[in-house]
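Chemist: Turn this into a structure:
(2 chains, ligands or ions: 1)
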Amino acid sequence: MISFELAEPKTLNEAIALLDAEDPEVRPISGGTALMLMMKSGVFRPSRLVSLQKVEADYSRIERGSNGSLRIGAMASLSQVEHSDEVRRVAPVIEKTMRHLSNVRVRNVARLGGNLAHGDPHMDLPPVLSSLGAKAIVAGPSGQREILIEALFSGYYETVLKRDELITFVEVPPQAGWSSSYIKCTTRSADDWPALGIACSLRIEGGSIGDVRLMISAATEKLTRLVSTEKVLRGQKVNEATFERAGESAMAEAEVIGDSRGSASYKSELVRVYVRRALRQAGLGETQP
Amino acid sequence: MTIHKPMPAGQVGRSLPRLESREKVTGRADYVHNIRLPGMLIAKVARSTVAHGRIVSIDTSAARQVEGVFAVYTGEDIRKIIPEPYYGPAFHDQPILALGKVRHVGEPVAVALARDAHAAEQAAQLVEVVYEELPAVFDEVEAMDSKAIVHDVLKPAGTFPDLKHLHGKKNTNIALDFHLRRGDVDKAFAGAAHLFEHEFHTQQVMHTPLEPMVSLAEPTRDGLTIHTSSQSPSFVRIEIARLLGWPENRVQVKVPYLGGGFGAKLYIKLEALVAALALLTRRPVKWSLTMEEQFYTISKHATTFRIKSAVDAAGKITGRSCAVYWNGGAYADIGPRVTQKSGFTAPGPYDIENVAIESYSLYTNRPPAGALRGFGIPQLVWAYESHTDLIARELNIDPVEFRRMNILREGRPQATGTAMKDAAIDLVLEKLAERMNWSAPFDRGGGTVRRGRGVGIGFKASISPTTSVAFVNIYADGSCALYMSTVDMGQGSDTAMAQIVAEVLQVQAESVRVIHPDTDVTPYDMATLGSRSTFHMGNAVKLAAEDAKQKLEAMARSVGVPEGSNLETREIFKKKYGMQAGNVMGVGSYIPGYKSPDSVSGMSDNITPFWMIGGTGVEIEVDTETGHVKLTKLVNAADMGRPLNPRIVETQLSGAAIMQLGFTMFENMEFDAGQVTNASFADYKIPGIHDIPPAIENHIVLAEQGGGPFGAKGVGESATFGVSPAIANAIHDAVGVRLTDLPLTAESVLRAIRLKAGNPIGD
Ligand SMILES: Cc1cc2nc3c(=O)[nH]c(=O)nc-3n(C[C@H](O)[C@H](O)[C@H](O)COP(=O)(O)OP(=O)(O)OC[C@H]3O[C@@H](n4cnc5c(N)ncnc54)[C@H](O)[C@@H]3O)c2cc1C
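Modeler: Model (predicted):
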């Protein structure tokens, strides 16, 4: 009989104490939608799982700050995030993303923290949250630290989190004056993992791009900010020619990898098209009040 | 939406909701997965990691050490129970556990048994096998003359007389070759105004029944009871009895509901191993596959199809040659039948004087392929309807018009020489044209979204000759039950058959109890496959009900009830037996006429008792920047004779079309050295709700099948036929490129568009 320990701590500190910085067989579990698949396929055999279910109440709240920022508990389910008025008011792009994120059964169970911590480059929320400039609040034995979502990932299924650290909150800064979009591309069934995700946020000032955050996911090894393309965009007029140039630039910049969803060269073509389309959507969309 | 007049009792032709629907949605329906027996052991197998290799050694010592493991067995242990442990419907080529050699990645090599599934699984993983790898062959065309030989000797089962000549053949991967020659195709080619030649490919895909295969064997005092998720309980009993050298009556096979089958659960699959294990251990043994393991168990043939046509100046097809190569994988399963039976119709539903067909069933080192919803027909229609469309375009003839000019009409001989009868191919084509508004101008879109439309039609011969037997038992209170071995795997056969009984006995279909397959109780049926049940079992059920009715009438006469009296059935029984007692048992047995194709010419004037006809039309949008194809409209039309239950027919049509949509657009088993690299639902995608086109229409053409029960025939596969070519034809229509390989991925569409524009995408 193969067994493992399932710990159900009541407080965050207890949870952190039950984790082990050195032991890869000890892991936190929130919704379990990703972890159970790994266990089923034999990729991961735990000695101990630290369930976050019972510490959840404190860390699943969603609050809007007086300045228009957003604070989402990492243990909030994706459905909670999807249906939150606060979230919709600050960043409607999140709600739109949710509708096509997997299916309602997964969204009811999966948690925000799990979606980020898993490190899977195909997840939808990392590009969206990072394009909004969001950061993760992380707690460990020696206290708290903040990590920008765009800096959370260090490789394919790898994050900068230590084994005994937990994501506790996600903070989204005020979005006033910004307009955001996210488009993903699936190449097999509509509910497949994306072959490509492009998220962008534009701050438009007098018909020009004042500032921009442009993220690519799924087609690359990890979530990546398209820094050179952002330079191409800053200060430019919001028009088709600008979007076109950005598409070309992104195609050259992104290091895409081929897999069963498409060859690298095909995905490069998609990058060009989808960057243009995502920029068009954000550029022509309404900015946040 | 049926246009057929109702039958007198109003039972046949009624859109009765499925009898078991309440049981299913409330979670009360029985499935083999739910069965737990005292002392039951769980089996998990260790599978081959190489595509082709000699087994040098198998070390099970570490596996045996796992706590809780009851036993670990290899092929040699199976031999203690079954000396010749090879099974299969067409060839006895598949070992219960590998012996001497493995022929595909994933082949079962050893089995671990434990009360606990996790312990069994861990033990199976600890089985150490050393292989001496052999050269492997994966491609069906290469297998024709490859040095790598999958089976040293061919071992036809003898079940099918026309395979006997292959017995003992060596040094070949050709499990069966079917040839047909009619007229003089070379002469037609020589004299043609136009010649067209194309090659098409289909990929290997899987049935993905949502209930994975599962079997449980239980030793009884002097026999075995097998609970199994099978489409063919009678075949399982016969084959297990053959393997064990027992009479049939010592093996009982029981089948509750199935969570889908689609041809995956045919003949024997897991049953032979659980039977052997139950006898080795004297314990109940259950073996449940995971979804992942199903990819290594059975699949749909990948194919290569070379097709060539001669067309005269007037646009009439005068000659056609077809060479079809079926990638059967490592074990024949029913592949040779697919090769031959679908080979009959390879030139398509067209009136062509001169025809030559070659159809080859090939062994390769891939997981085995068998029958999947359409029995090979969708692979053929894919090629001949793409080819037909290409010809029409090339000749500047409207594709529907070109089909009209060449279509096989009632009474005309089909390729085998069998005259078409009750085959409303023309009605199906016309229904599509009408519903697609074909003659009206069509909005072709603009900018980066281009619109197109296409059609595809196909037909299929029934798998013959096969037998069905049914009992209808009238109880002393006048209620009745139907005993049959047709398996309701979701297609609604319980409901349709109850409607037949009800029509004959003039009762409500809801009141007919359907007894599920149990070979101790229910009579023989060849199998639930190839859309044969409605026609074959339907006839047997109708005969059984009529027999019961006549016997009841005779009983009434014998107790002096006057002719035409409306005395209740229970009163007749009372008069006969003095109390509520007795039975009236009606028996029906049905086998249609059939003539085997001539061994040289491939011809026969009676190749099938009925034809299945289906067609599909689609409207699509192509994103010219990404290659994405979006279906905006899907129209299916079919001839199933008189629909027994129009609502069920409609769901069969839409279900079949959507399943084929997955095989057309993205489903694909990907391989690396014989290993399936996407063997899970995370990476092998089937259509979900968002892939369903916004507009789907399903049409039943007004037809009647002679010899069918109340004029009905099968329909489970008909809407798979036309889907793939209709979409490829629509893509051609929209953006002027032709794809010849399935699946039609966005990437392949974009590559073709860019190639045509002189701006190709690099590798
Ligand atoms: C069928 C299916 C389809 C899917 N499709 C999509 C899709 O289209 N788009 C998409 O974005 N996602 C998709 N997902 C993924 C889903 O969103 C993730 O599985 C989910 O977000 C993970 O959350 P969880 O709470 O279940 O994580 P878990 O499985 O509990 O954990 C995942 C990982 O995160 C760690 N972890 C969990 N919580 C924390 C925490 N608070 N701090 C630190 N580490 C933590 C765990 O140790 C584990 O390593 C799909 C999943 C399934 C099963």
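Chemist: B:Asn34: neighbouring residues, count only.
Modeler: The burial count assigned to B:Asn34 is 10, neighbours taken as other C-beta atoms under 10 Å in any protein chain shown. C-betas here are computed from N, CA, C, even on glycine.
Chemist: Tell me the pLDDT of it.
Modeler: pLDDT for B:Asn34: 95.
Chemist: ok, now A:Met1?
Modeler: 49.
Chemist: State the number of residues packed around B:Pro6.
Modeler: 12.
Chemist: Against chain A, how distant is it?
Modeler: With distances taken as C-beta to the nearest C-beta, to the nearest Å, B:Pro6 is found 40 Å from chain A.
Chemist: likewise B:Val253?
Modeler: From B:Val253 across to chain A, the span is 31 Å (C-beta to the nearest C-beta).
Chemist: Contact partners for that residue?
Modeler: Contacts here follow C-beta atoms under 8 Å, 6 or more residues apart in numbering or on different chains; on that basis B:Val253 touches B:225-226, B:228, B:230, B:233-234, B:236-237, B:240, B:271, B:517-519.
Chemist: B:Thr220 too?
Modeler: B:Gln252.
Chemist: Make a markdown table out of the contacts of B:Val253 and add neighbour count.
Modeler: Shown next, in a markdown table, are these (neighbours: other C-beta atoms under 10 Å in any protein chain shown):
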| residue | neighbour count |
| --- | --- |
| B:Thr225 | 19 |
| B:Ile226 | 28 |
| B:Thr228 | 28 |
| B:Ser230 | 31 |
| B:Pro233 | 27 |
| B:Ser234 | 22 |
| B:Val236 | 29 |
| B:Arg237 | 25 |
| B:Ile240 | 27 |
| B:Glu271 | 32 |
| B:Pro517 | 26 |
| B:Asp518 | 17 |
| B:Thr519 | 23 |
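Chemist: So which of these would count as near the ligand as well?
Modeler: The subset of the contacts of B:Val253 lying close to the ligand, counting by C-beta under 6 Å from any ligand atom, is empty.
Chemist: Return the list of helices and strands in contact with the helix or strand hosting A:Thr97.
Modeler: Using DSSP states H and E, A:Thr97 sits in helix A:92-99. Under the contact criterion of 3 or more C-beta pairs under 8 Å, 6 or more residues apart in numbering or on different chains; DSSP states H and E, helix A:92-99 touches helix A:78-82, helix A:85-90, helix A:125-131, strand A:178-185.
Chemist: relative to strand A:178-185, how tilted is it?
Modeler: Relative orientation of helix A:92-99 versus strand A:178-185 (axes from the mean of the first three to the mean of the last three C-alpha atoms, to 10 degrees): 20 degrees.
Chemist: any residue of the longest helix along chain A up close to chain B?
Modeler: If you go by DSSP state H, chain A has its longest helix at helix A:264-284. Yes: counting by C-beta under 8 Å from any C-beta of the partner chain, contacts between helix A:264-284 and chain B involve A:265-266, A:269-270, A:273.
Chemist: pretty sure B:Phe710 is in a strand, no?
Modeler: No: assessed with DSSP: H, G, I helix; E, B strand; the rest coil, B:Phe710 is helix; it does not lie in a strand.
Chemist: before we move on, what SS does B:Lys685 have?
Modeler: B:Lys685 - assigned by three-state DSSP - is coil.
Chemist: Now do the same contact list for it.
Modeler: A:188-189, A:191-192, B:662, B:666-667.
Chemist: Which residue of chain B lies farthest from its centroid?
Modeler: The C-alpha centroid of chain B is most remote from B:Gly560, which lies 50.8 Å away (C-alpha atoms, centre = their mean).
Chemist: how close does that residue get to B:Glu571?
Modeler: Remark: distance between B:Gly560 and B:Glu571 (C-beta to C-beta, to the nearest Å) = 12 Å.
Chemist: Within range of chain A, give me the residues from chain B.
Modeler: Residues of chain B lying near chain A by C-beta under 8 Å from any C-beta: B:67-68, B:116, B:118-119, B:122, B:125, B:292, B:625-626, B:628, B:662, B:665-666, B:670, B:677-678, B:680, B:682-683, B:685-688, B:690-691, B:745-747, B:750-751, B:761-763.
Chemist: Give me the buried entries from those residues.
Modeler: Buried residues within the residues of chain B next to chain A, defined by neighbour count using 16 or more other C-beta atoms under 10 Å in any protein chain shown: B:116, B:119, B:122, B:292, B:625-626, B:628, B:662, B:665-666, B:678, B:683, B:685-687, B:691, B:745-747, B:750-751, B:761.
Chemist: Which ones among these lie within helices?
Modeler: Using DSSP H, those in helices are B:119, B:122, B:292, B:662, B:665, B:746-747, B:750-751.
Chemist: now, among these, which is nearest to the ligand?
Modeler: Distance ranking of these against the ligand, using C-beta to the nearest ligand atom, places B:Glu292 first at 14.5 Å.
Chemist: and the closest one, what does it touch?
Modeler: A:41, B:679-680.
Chemist: Give me the three-state assignment for residue 201.
Modeler: As the question left the chain open, I've gone with chain A. Once three-state DSSP is applied, A:Ser201 turns out strand.
Chemist: switch to chain B, that's the one I care about
Modeler: Secondary structure assignment for B:His201 (three-state DSSP): strand.
Chemist: how near is it to B:Ala730?
Modeler: B:His201 is 19 Å from B:Ala730, by C-beta to C-beta.
Chemist: do the same with B:Trp246
Modeler: The value you get for B:Trp246 to B:Ala730, if C-beta to C-beta is used, is 55 Å.
Chemist: a markdown table please, covering the helices and strands packed on helix A:92-99 and showing mean pLDDT and distance to B:Gln652.
Modeler: Shown next, in a markdown table, are the helices and strands packed on helix A:92-99 (pLDDT from 0 to 100; distance: least, C-beta to C-beta, whole Å):
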| stretch | mean pLDDT | distance to B:Gln652 |
| --- | --- | --- |
| helix A:78-82 | 97 | 35 |
| helix A:85-90 | 96 | 42 |
| helix A:125-131 | 98 | 40 |
| strand A:178-185 | 97 | 33 |
